[in-house]
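Novice: Return a 3D structure for these sequence lines:
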Amino acid sequence: MNSEMSPSSQLPGPIEVERKFVPGPDVEDKLCTLGAELLEEITFRDSYFDNSDLRLTLNDMWLRRRGDSWELKHPPQRGARGLSGASTQYMELTSEDDIICRVSEELGVPCPLNIESFGLQEFASFVTRRRRFQLPLVEKSNLKVVVDLDEADFGFAVGEVEVLVQTKEEIENALKKVETICKQLGVFRETPVQGKVSTFLQMNRADHYRQLVEAHVI
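Specialist: Below is the predicted model:
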């Protein structure tokens with residue numbers, strides 16, 4: 001991190017700037033044309049958790065367990081939403097101590113010893129097969145662009161163009177970069193594309209999905 005960065009710019013975790021898209025049959029060919037490298041092919045299960053009154057997700061906070069690891073995504077600014085136009089911006093916390101602190105603050109309860117002690121309920125769980133590509137770095141730019149092609153086990157496929165930034169000042173350039181890549185891949189849309197979790201909820205938990213729509217989270 002740049003030593004000249006102001007204290008207000010420093011964040012407890014990276015910000016994920018992302019734009020989802022509907023992957024066509026030729027998207028991998030277009031990625032190769034752009035010089036993308038296939039980094040990995042992986043399969044994993046994601047499980048998402050909330051309390052009984054949906055306090056976290058209705059405030060656009062997404063607590064996920066993948067394997068033995070926990071992650072919390074929430075908007076960079078308090079009271080804001082992660083969805084911005086057709087792109088999203090989320091802070092990513094992966095330290096269990098940081099996650100416990102933020103969740104306890106949101107729920108208004110003392111910090112427990114571990115995340116399991118919150119007594120949260122699982123509201124979504126599914127397996128994803130992912131092919132992850134990385135685009136070459138652009139000259140004079142340190143933005144690393146990753147493209148994920150996901151297939152979930154409930155019959156849903158989605159692509160994601162993602163850039164991680166460390167400061168709020170970098171978000172605008174990241175948004176422009178993500179939009180440019182989508183246009184180069186021929187998958188650019190003005191309106192948001194629904195992700196895996198919201199699609200799972202729409203298919204399996206209609207009331208939860210409805211509440212999120214009414215809260216303008218999705």
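Novice: Quick one: name whatever helix or strand follows the helix or strand bottoming out on mean pLDDT in the chain.
Specialist: Ranked by mean pLDDT, DSSP states H and E, the weakest helix or strand in the chain is strand 83-84, scoring a mean of 73. Downstream of strand 83-84, the next assigned helix or strand under DSSP states H and E is strand 87-93.
Novice: Roughly how far does V109 sit from N51?
Specialist: Distance of V109 to N51, given as CB to CB, to the nearest Å: 9 Å. Yep, even glycine has a C-beta here, placed from its N, CA and C like the rest.
Novice: again, but for F44
Specialist: From F44 across to N51, the span is 24 Å (CB to CB).
Novice: These two: which has the busier surroundings?
Specialist: In this view F44 and N51 are compared by other CB atoms under 10 Å, and N51 has more residues nearby, 18 against 12.
Novice: right, and the helix or strand after the lengthiest helix in the chain?
Specialist: For the chain, the helix reaching the highest residue count under DSSP state H is reported as helix 171-185. Note on helix 171-185: by DSSP H and E, the next helix or strand toward the C-terminus is helix 196-204.
Novice: Burial check on the nearest residue to E16 once chain neighbours are set aside, number of neighbours?
Specialist: Nearest non-adjacent residue to E16, counting by CB to CB, 6 or more residues apart in numbering: Y90, 5.0 Å away. Burial of Y90, expressed as a neighbour count using other CB under 10 Å, amounts to 21.
Novice: Give the residue spans of the chain that score low on pLDDT.
Specialist: 1-12, 79-80, 138-141 (pLDDT under 70).
Novice: Give the intersection of the neighbour lists for V109 and N51.
Specialist: Common contacts of V109 and N51 (CB atoms under 8 Å, 6 or more residues apart in numbering): F118.
Novice: tell me what the longest helix of the chain is packed against?
Specialist: The elements that helix 171-185 packs onto, with contact taken as 3 or more CB pairs under 8 Å, 6 or more residues apart in numbering; DSSP states H and E, are strand 15-21, helix 27-33, strand 87-93, strand 145-152, strand 156-165.
Novice: give me the number of residues near I181?
Specialist: By other CB under 10 Å, neighbour count at I181 equals 22.
Novice: now it, nearest residue through space, not along the chain?
Specialist: V161 (4.9 Å).
Novice: what's that neighbour in contact with, if anything?
Specialist: V161 neighbours (CB under 8 Å, 6+ apart): E18, R19, F21, V145, V146, V147, V178, I181, C182, L185.
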